[in-house]
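Trainee: Give me a model of this one.
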Amino acid sequence: MKNAAQLLQQHIETLVDNPVQWQALLAEDIVWELPYAPSLGHPAKLEGREAVSRHAAWFASAVSGFRFADLEILSAAGHEQAVGRVRAEGRIDATGRTYEQEYVVFLTARDGAIVHLREYFDPVRAALALDAPIVGVAARSI
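Mentor: Model prediction:
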């Protein structure tokens, strides 16, 4: 049975490159929290394997050449929790802009599957790459 650190490693390795294998890591009742996503008009929480998979598929279809690099597992609390930091880069197809990001991911495992992800990223970097407004921030001319 995989522990949380192993699942975090496999989550990063398969999310983009092998979605079928990645989905197999997910518990049916997974919850994926994205606290900063609402500033981009996306949900703050996805519940269930289907919703999580749909969101991941949308992201993979919007970004070309997306690759993670330099995964560092910062902490592993027993077999059930792990925290990691990872850099990533890709190209947003709709804008042609480079998307560079650094993520911090908290993962909780149960019975060898991912039951909870909480992912932090810089929404300003994402908004600039997507050429999207940041919800709640009015554009001002200087």
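Trainee: correct me, but Phe68 touches Gly84?
Mentor: No: using C-beta atoms under 8 Å, Phe68 is not in contact with Gly84, being 10.1 Å away. For the C-beta atoms, the positions are set from N, CA and C on the backbone; glycine is no exception.
Trainee: Looking at these two, which has the bigger crowd around it?
Mentor: Gly84 (21 against 18; other C-beta atoms under 10 Å).
Trainee: Show me the shaky parts of the protein.
Mentor: 138-142 (pLDDT under 70).
Trainee: Name the helix or strand for the residue most central in space within it, please.
Mentor: Nearest to the centroid of the C-alpha atoms of the chain, with distances taken as C-alpha atoms, centre = their mean, sits Glu119, at 5.8 Å. Per DSSP states H and E, Glu119 falls inside strand 113-120.
Trainee: Buried by neighbour count: which residues of the lengthiest helix in the chain qualify?
Mentor: The longest helix of the chain (DSSP state H) is helix 49-62. Using 16 or more other C-beta atoms under 10 Å as the test for burial, helix 49-62 gives Arg49, Val52, Ser53, His55, Ala56, Ala60, Ala62.
Trainee: Remind me what it packs against, helices and strands.
Mentor: helix 19-23, strand 26-33 (3 or more C-beta pairs under 8 Å, 6 or more residues apart in numbering; DSSP states H and E).
Trainee: ok, Val31 - contacts?
Mentor: Val31 makes contacts with Lys45, Leu46, Glu47, Val115, His116, Leu117, as judged by C-beta atoms under 8 Å, 6 or more residues apart in numbering.
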